[in-house]
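J.: The following comprises the amino acid sequence and a computationally predicted model.
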Amino acid sequence: MMNAVVTVRGLEIGRGLPKIIVPIVEETTDKIAARAATFEGRPVDLVEWRADFYEHAPDTERVLDTLTRLREAVGNMPILFTFRTAREGGKKAIGFEAYTALNKAVAASGNADLVDVEIMSGDDVVRQNIANVHAAGGFVVGSNHDFAATPDKESLIARMRKMQEMGADIAKIAVMPNSSADVLTLLTATAEMAEKYADRPLITISMSQRGVISRLTGELFGSAATFGSVDKTSAPGQIPVEQLAALLKSLHDLA
């Protein structure tokens with residue numbers, strides 16, 4: 001199947017080179033804005049604000065104020081808002097009601113273009129979150145993370161298909177490899193999903209140094225974006241953006 005392209009502020013996710021996403025994991029508003037300012041002139045396509053690192057999250061008013069500062073700092077660069085819950089390796093616990101309310105308010109502000117929604121949060125919660133983001137004109141990254149292991153190929157594909165069925169605009173899955181075979185499992189699942197089932201962009205990651213190859217070969221296997229770092233990382237195995245951009249281009253030129 002041909003994966004659809006999601007266009008956000010002119011950035012075509014799902015076409016051409018995998019897009020480079022850089023997370024911001026600072027704790028204060030000033031540090032968040034300062035970190036964003038360092039992205040200028042660097043090969044960064046999209047900013048992810050990991051709001052679970054923010055000292056005042058999930059206080060909605062403070063989150064929205066900081067998001068405004070972040071928008072001012074990055075200009076027209078797309079922003080992905082992510083409150084990664086403790087259930088999936090994030091820094092803070094949050095109830096489903098508060099999680100839904102926060103994502104709704106962020107989407108309604110217009111300052112975040114995409115909102116991450118954890119697809120294993122329960123179908124009713126997920127549908128409400130996705131509906132809220134879409135009603136505000138935003139895009140949804142349906143996500144699932146396993147920081148302990150890599151599920152089998154069938155489970156990985158089933159989760160990505162569920163993200164599509166629930167209405168996420170982009171399907172993202174990140175898993176931890178405990179062997180080289182686990183990395184191959186993730187890549188095989190990505191390729192099969194892209195070739196047989198995907199009708200929207202995929203983002204797949206095998207974390208840690210063992211899985212770093214998965215961050216580079218998205219164009220070959222069907223993953224539309226990858227996460228790089230500018231000084232700080234949000235997950236193990238992220239590569240500095242300048243090195244990442246050069247490697248992605250080299251693989252593209254050879255393909």
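T.: On my side now, so go ahead. Model, not experiment: these values are computed from the prediction.
J.: What average pLDDT does the longest helix along the chain get?
T.: Secondary structure of the chain read by DSSP state H shows that its longest helix is helix 180-196. Helix 180-196 shows an average pLDDT of 97 in the prediction.
J.: Run through who's touching it.
T.: Here helix 180-196 makes contact (Cβ atoms under 8 Å, 6 or more residues apart in numbering) with 1, 3, 149-150, 152-153, 156-157, 160-161, 171, 173, 175-177, 202, 204-206, 210-211, 213-214, 217, 221-223. Just so you know, the C-beta spots here come from the backbone N, C-alpha and C atoms, and that holds for glycine as well.
J.: Just the residues you listed: which are in strands?
T.: Cross-referencing the contacts of helix 180-196 against strands under DSSP state E gives 171, 173, 175, 202, 204, 205, 206.
J.: which one of the residues you listed is nearest residue 12?
T.: residue 202 (14.6 Å; Cβ to Cβ).
J.: Verify the contact between residue 127 and residue 162 for me.
T.: No - contact criterion Cβ atoms under 8 Å: residue 127 and residue 162 do not qualify, at 11.7 Å.
J.: between those two, which one's more packed in?
T.: residue 162 (17 against 13; other Cβ atoms under 10 Å).
J.: Just give the nearest non-adjacent residue to residue 122, would you?
T.: residue 96 (6.8 Å; Cβ to Cβ, 6 or more residues apart in numbering).
J.: Tell me how many other residues crowd that neighbour.
T.: Residue 96 has 15 neighbours, counted by other Cβ under 10 Å.
J.: and it, what is it in contact with?
T.: 121, 122, 125.
J.: Tell me the strands beside the helix or strand of the chain with the lowest mean pLDDT, with direction?
T.: Every helix and strand in the chain was compared by mean pLDDT, DSSP states H and E; the lowest is strand 239-240, with a mean of 89. Strand 239-240 pairs in its sheet with strand 225-229 (parallel), by DSSP bridges.
J.: ok and the partner strand relative to strand 170-175, angle-wise?
T.: Strand 225-229 runs at 60 degrees relative to strand 170-175, counting by axes from the mean of the first three to the mean of the last three Cα atoms, to 10 degrees.
J.: before we move on, back to that, contacts for the least confident helix or strand of the chain?
T.: Counting by Cβ under 8 Å, 6+ apart, 212, 215, 216, 228, 229, 230, 247 sit against strand 239-240.
J.: hang on, isn't the fourth one packed against residue 20?
T.: Yes - taking Cβ under 8 Å as the contact criterion, residue 228 and residue 20 are neighbours in contact, 5.0 Å apart.
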